[in-house]
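Student: make a model of this:
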Amino acid sequence: MYRVLAAILLSAATAFANDLPNKKYLDLPHIKIMVSAAEAKAKELNVSVTICIVDESGNLLFLEKGETASLNTIQFAQRKARHAAFYGRPSKDGADTIKKGNTEAMAFPEFFPNQGGLPIKIDGKILGGISASGSKSEIDEAIAQSGLDALLKQ
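Tutor: All right, here's what the predicted structure looks like:
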């Protein structure tokens, strides 16, 4: 009798588990793909930058400071990536918001008005953010875009 009850409970638990949504996330192999492409782009452009990847909650998954990148790029890269992950928009949008006079946006959590961070979206879901910091803002974003493009080709 106990075996029958256990089999029924196991069957019900399995059916329930199958109904749970599957969540995509950034794993180490995919992070390495993005980082490799971003590093290659930085090398191609002959710049030293800090590269950062965060998850959708802004938790740090990867951080690498370029050999000659300044120390402040460590914080800038993290803030750009967190902005992109939190808002699902490029950090350039934050800069544009301030240029339009919306200075109250500076009080928003994880808001950072500096170009170079991009959201990582797969199937319309935000998985995190990728950024670069240490060069001109447009170049930082191009480096982050290279990492994102490499992931999306997978």
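
Student: mind listing what residue 105 touches?
Tutor: Residue 105 sits next to 94, 97, 98, 111, 113 when contact means C-beta atoms under 8 Å, 6 or more residues apart in numbering. Quick note: C-beta positions are derived from backbone N, CA and C, even for glycine.

Student: all helices for the protein, in order.
Tutor: 2-19, 28-44, 72-87, 91-99, 137-152 (DSSP state H).

Student: pull out the buried residues from the contacts of residue 105.
Tutor: Among the contacts of residue 105, those buried by neighbour count (16 or more other C-beta atoms under 10 Å) are 94, 97, 111, 113.

Student: can you redo those residues as TSV with pLDDT and distance to residue 32?
Tutor: Below are the buried ones among the contacts of residue 105 laid out as TSV (pLDDT from 0 to 100; distance: C-beta to C-beta, whole Å):
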residue	pLDDT	distance to residue 32
94	94	28
97	94	33
111	94	29
113	94	30
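
Student: for the strand of greatest length in the chain, packing partners?
Tutor: As assigned by DSSP state E, the longest strand anywhere in the chain is strand 125-133. In terms of contacts (3 or more C-beta pairs under 8 Å, 6 or more residues apart in numbering; DSSP states H and E), strand 125-133 is packed against helix 28-44, strand 50-55, helix 72-87, strand 117-122, helix 137-152.

Student: flag every buried residue along it.
Tutor: Under the neighbour-count rule (16+ other C-beta under 10 Å), strand 125-133 has 126, 127, 128, 129, 130, 131, 132, 133 buried.

Student: circling back: which two in the contacts of residue 105 are spaced the farthest apart?
Tutor: Pairwise distances across these (C-beta to C-beta) peak at 9.2 Å, for the pair 98 and 111.

Student: one step back: can you put the contacts of residue 105 in JSON lines and add distance to residue 24?
Tutor: JSON lines is the format used below for those (distance: C-beta to C-beta, whole Å):
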{"residue": "94", "distance to residue 24": "25"}
{"residue": "97", "distance to residue 24": "29"}
{"residue": "98", "distance to residue 24": "32"}
{"residue": "111", "distance to residue 24": "26"}
{"residue": "113", "distance to residue 24": "29"}
